[in-house]
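give the three-dimensional model of this entry:
(2 chains)
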Protein chains: 2
Amino acid sequence: MAAGFAGGAWYADDRDDGAGAARGPTTYPFRGEHQAGIVTPAQDRLHFAAFDITTRSRAQLVSLLNAWTTAAERMTRGISAGPVGPTEGAPLVPPDDTGEAIGLAPGGLTLTFGFGPGMFRDEWGRDRFGLADRQPEALRDLPHFAGDQLEPARSRGDICVQACSEDPQVAVHAIRNLARIGFGTVAVRWSQLGFGRTSTTSTSQSTPRNLFGFKDGTANIKAEETADVERFVWVQPGDDQAWLVGGSYLCARRINMHIETWDRQGLKPQEDLVGRTKGSGAPLSGGTEFTPLDLAMKGSDGPLIPVDSHVSVVSPARNGGVRMLRRGYNFVDGSNALGGLDAGLFFLAYVRDPRTHFIPLQSAMAGHDAMMEYLQFTSSAIFAVPPGAAHGEHLGQALFT
Amino acid sequence: MAAGFAGGAWYADDRDDGAGAARGPTTYPFRGEHQAGIVTPAQDRLHFAAFDITTRSRAQLVSLLNAWTTAAERMTRGISAGPVGPTEGAPLVPPDDTGEAIGLAPGGLTLTFGFGPGMFRDEWGRDRFGLADRQPEALRDLPHFAGDQLEPARSRGDICVQACSEDPQVAVHAIRNLARIGFGTVAVRWSQLGFGRTSTTSTSQSTPRNLFGFKDGTANIKAEETADVERFVWVQPGDDQAWLVGGSYLCARRINMHIETWDRQGLKPQEDLVGRTKGSGAPLSGGTEFTPLDLAMKGSDGPLIPVDSHVSVVSPARNGGVRMLRRGYNFVDGSNALGGLDAGLFFLAYVRDPRTHFIPLQSAMAGHDAMMEYLQFTSSAIFAVPPGAAHGEHLGQALFT
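Take a look at the predicted model:
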C-alpha cells in the first residue's frame, strides 16, 4: 500500500472546499463485460490521448497492454499506478507513481482504451504485428466530410485512452502515468482536455450545455435504455471480428465552433439552427425538453423545426432509426489567430458500426445541417474499443490469442 | 432578470452530481478597496486572457472599461452578463449573454483586470491614449531570464483578465462574454486555461500539488497574514503612481515542465531539487509541512536542504526577506512534438513592486535553481492591477481622471 493512500482510497478528508461530495470516492470497476467509461454516467472532466506505437515488437506491445491493464485497474480503484507509491521506494529509483493525485478522490475515474487502424496495418498497408487478418472491416479511417479541415498532428492514432473523472487532475494523472509506463513502446501523438461534459449518458444526469449555450445530449442514448444500448452501442456476435464482441467503435472528432460569429446571431436564428429552444431545450414543435420532435408540424413559414436544423438533420426519423451514444466535452485551447477563442466541442461517439451508425449521420450533417456554417472539424480518429477485460486477462487479450 | 436565473443566482438545485457544495453559490463582491481574485481563497479553475487594444480612441477604451465593470459585477453576482438574459429579448437580436452558464453555480467567480505596458505606450514608445505620464516606472516588460524561450504570440498583452471559479465553464463563460463585449475595442491575444490551483492563498485551504507531484504554495503569503499582504502585495501611497495605490502588479509566466524527464528521477533527487519531502511537504531539515526551513542544518553531505534546491534559492532568507503571493495553476495543453505532454504550471504572482519583489527572485532562480533543468518559460507578461472599483466607478477610473 502506498504511503499517503489510506485504505486503498485517495479520498482526502481534509479537503477545504467541500468538493468531496462532487469529486468524491466514487469508483467504477475497471473489469467487466464492457469497458467502463462508455455507458458510465459521464463525468465532468476529460483527458483524451492518442498514441503512436513506436515498437516493432508484438511481445512488447502485449507487455504494455498487460502493464496498462494493471495500472488502469489500480488507478480507477483510487490507488497509485504501481506498487511503489509516489513517496515510497529506494531513494534513487523513480517511484511507480508521479504523485500529483495524492490526496485527491478518484471522482469516478474511468479509463477506456481503443485500437486504431494503425495497430493492424502501417501506412503502406503492411501487417505490423501479425494482426492484419483480425482488423475489423469497419475499422478504417473515416472518409473526408465537408467541413473537415483536419490537422494531421492531432488526427488518427494507433491506440487511444479516454480518461474521465470529476477531477481534471485525476484524469491528467492517469494519462500521464500510462504514457510514462508506455515509454519506448508508445508515444503521445495528440491529447485533448475537456472541461465540461456536453452529453448525458444516464437518465440520472441533467443535460449540460455546449458552448453555443444550448443543452446538448437530450436525445442521447442513456445507459438505462438497455435495448438501444445493445442495438446501437455494443458489437454483437456475428457483426464482424469475434474479439470485438461486447466492444464498440469510438469516433472522435474535434469540432471548432465559431463562437464569435454565433454570438452575433439573434436568439431566434440560433434556435432555428438547433431546432430547440435555448432555455428549456424543448423542440420548436413544442412541449418540454424530452418531448419527441414533431418534424411535420407546420408553422406560418414551413415546419416549426426547420428541415435544415441540427436536430432535424440528425434525427433518427431521417436516418433509418439510428441513434448514437455520445460522450462529448467542451474545450477551450487558448486563442486563435483571429483574436478569438480556440473553442468548441470534442465529440466522442460510441457506435456499433461506424459504417451504418456514424458515417451516414456525419455525411447528412456535413451536407444539410445549417449549423455547419459555425463548425470546423480539426481532428478525426476512429478506434475499435475492445470489450472489458475479464479477471486475469489484459485489455484486448482476445485480439492477440 | 434573465429567464433561467432564479433569484439572482445561478445555483441549480437539480445538479445530479452533488457538486453544489463544491461549485456552490459562493459569490465574492466585485467592488471593494482591492480587486477580488488576489487574496481571495484560490478557486480550482482558471481562464486567463490577455487582450490587445485595437482601437485608437481613448473614449472607446473608457467605454469598454465601463461596460466590462458592469458585466463583471453582474457575472460575479451570478447573473447574466447583460440585462437581456440568454433566452430573452427580441428574436433577431443577440441576447447579452451567451448562455452556457445557465444553471451553473458561480463557484466563487472572481474577475481580476490588469493593464500592460502597451496600454500606455506602443511598441515605438508613443503615447497611445494620453496616459504615458501615468505609466508606473515598474510597469516595463520583464527582462530576459535564463531559461526563457518565450513565444511572442502568447506573451505580453495590453489588458489581462483573470477569471477564477470552482467551475471551469463559469470561468470560460465570463472570459468569452467579456471578449464579446470588447469586440472592436480589444481582441484576445492569448489565453490560458488552468485546471488545478497550485497555490493556497488562505490558511483555510490545504496545499495542492503541482505536476512534479509536490505540494506547492506552502510558503505562500496567505490572506490572513495581513501585515505581509500590505508589505508585499498592495501598492502603497508614495510607491509610484497614485492611481495604482491599493492595486498590485501581476507577473504571469507560463512554465513548461519536462515532466517525462522529471519522472525518470529517483525520489531522493526529486526531493533534493525541491528541498522538501514529496509526501508531507516538510523541509528536508525536518519537521512538518509548515516548519520553517533550516538552511544551515548540516547532513553528512552538506546542508540537508541543498543550496541549489528550489526552496533554498527562493527563500526569503536569501532574498532580503521578500515573499510573494502566488496564484498558479497546473495546465496540460495537448502534446508536444516529442511525444510528451505540453504540461506545466501557469505562474501568477501579485507583487507590490516587480523590481524588488519579483525580478530578483526570478533572476536567482534562473541562475542558481537546480530545478531549472526541468523548466522552460514559454510566456511572460506583466500588468499593473488597479485597485478595486468603488461604487459608481469603473475599473481603473483613477487612471483616466
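
near chain B, which residues of the stretch 301-401 of chain A show up?
Contact residues (CB under 8 Å from any CB of the partner chain) of the stretch 301-401 of chain A with chain B: A:330, A:332-335, A:338-341, A:343. In this view, the C-beta of every residue, glycine as well, is placed from N, C-alpha and C.

drop anything exposed from these.
Listed as buried from these are A:330, A:332-335, A:339-341, A:343; burial here means 16 or more other CB atoms under 10 Å in any protein chain shown.

return the member of these nearest to residue A:161.
Nearest to residue A:161, judged by CB to CB, of these is residue A:333 at 19.0 Å.

who does the helix or strand hosting that closest one pair up with?
In the assignment (DSSP states H and E), residue A:333 maps to strand A:329-335. According to DSSP bridges, strand A:329-335 forms sheet pairs with strand A:196-197 (antiparallel), strand A:341-351 (antiparallel).

ranking the ones you listed by burial, who's on top?
With neighbours taken as mean count of other CB atoms under 10 Å in any protein chain shown, the strands paired with strand A:329-335 reach their highest mean count in strand A:196-197, at a mean of 26.

quick one: average confidence on it?
Taken as a whole, strand A:196-197 has a mean pLDDT of 90.

what is the burial count for residue A:148?
By the criterion of other CB atoms under 10 Å in any protein chain shown, residue A:148 has 17 neighbours.

what bridges to it?
Beta-bridge pairing for residue A:148 (DSSP bridges): residue A:377.

that one and residue A:366, how far apart?
Separation of residue A:148 from residue A:366 (CB to CB, to the nearest Å): 8 Å.

with residue A:309 instead?
Using CB to CB, residue A:309 is found at 15 Å from residue A:366.

between those two, tell me which one has more neighbours.
Just comparing residue A:309 and residue A:366: by other CB under 10 Å the higher neighbour count belongs to residue A:309, 26 against 17.

so what's that one up against?
A:272-275, A:284, A:369-371 (CB atoms under 8 Å, 6 or more residues apart in numbering or on different chains).

go on, residue A:372?
A:146-147, A:365-366 are the contacts of residue A:372 under CB under 8 Å, 6+ apart.

can you rerun that using 6 Å?
By CB atoms under 6 Å, 6 or more residues apart in numbering or on different chains, the contact set of residue A:372 is residue A:147.

worst mean pLDDT among the strands paired with strand A:329-335?
Minimum mean pLDDT among those: strand A:196-197, a mean of 90.

can stretch A:173-181 be found next to chain B?
Yes - residues of stretch A:173-181 contacting chain B under CB under 6 Å from any CB of the partner chain: residue A:180.

report whether stretch A:76-88 contacts chain B.
Yes - using CB under 6 Å from any CB, stretch A:76-88 reaches chain B at A:86-87.

and that stretch, end to end?
Terminal residues of stretch A:76-88 lie 20 Å apart, using CA to CA, to the nearest Å.

equivalent analysis for stretch A:107-127, please.
One end of stretch A:107-127 to the other measures 40 Å (CA to CA).

coming back round to it: tell me the least confident of the buried ones among the residues of the stretch 301-401 of chain A next to chain B?
Among those, residue A:339 has the lowest pLDDT, at 82.

that residue belongs to a strand, doesn't it?
No - counting by DSSP: H, G, I helix; E, B strand; the rest coil, one finds residue A:339 to be coil, located in no strand.

wait, residue A:354 sits on residue A:250?
No - using CB atoms under 6 Å, residue A:354 is not in contact with residue A:250, being 9.1 Å away.

quick one on the thing from earlier: other residues contacting the strand holding residue A:333?
By CB under 6 Å, 6+ apart, strand A:329-335 touches A:46, A:194, A:196-198, A:211, A:341-343, A:346, B:172, B:188, B:190-191, B:193.

just the helices in the stretch 251-400 of chain A please.
Assigned by DSSP state H, counting those that start in this stretch, the stretch 251-400 of chain A shows helices spanning A:259-262, A:267-274, A:310-313, A:354-357, A:359-368, A:397-400.

picking up where we left off before, between the residues of the stretch 301-401 of chain A next to chain B, which is nearest chain B?
Set against chain B, the nearest of those by CB to the nearest CB is residue A:339 (2.9 Å).

where does the residue lying closest to the closest one once chain neighbours are set aside land in three-state SS?
Using CB to CB, 6 or more residues apart in numbering or on different chains and skipping the chain neighbours, the partner closest in space to residue A:339 is residue B:187 (2.9 Å). Following three-state DSSP, we place residue B:187 in the strand state.

picking up where we left off before, what's the closest of the contacts of strand A:329-335 to residue A:140?
Closest approach to residue A:140 among the contacts of strand A:329-335 (CB to CB): residue A:346, at 21.6 Å.

coming back round to it: among the contacts of residue A:309, which one is most surrounded by other residues?
Counting neighbours by other CB under 10 Å, the top entry in these is residue A:275, with 28 neighbours.

what is the least confident helix or strand in chain A?
None of the helices or strands of chain A scores lower by mean pLDDT, DSSP states H and E than strand A:196-197, at a mean of 90.

would you map the strands across the stretch 1-150 of chain A?
A:45-53, A:110-115 (DSSP state E, counting those that start in this stretch).

rebuild these as TSV, extending it with mean neighbour count and distance to chain B.
Formatted as TSV, those follow (neighbours: other CB atoms under 10 Å in any protein chain shown; distance: least, CB to the nearest CB, whole Å):
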stretch	mean neighbour count	distance to chain B
strand A:45-53	26	7
strand A:110-115	26	14
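
can I get those strands in CSV including mean pLDDT?
Listed next are the strands of the stretch 1-150 of chain A as CSV, based on pLDDT from 0 to 100:
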stretch, mean pLDDT
strand A:45-53, 97
strand A:110-115, 98
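
wait, which of those is closest to residue A:152?
The nearest among these, by CB to CB, is strand A:45-53 at 11.9 Å.
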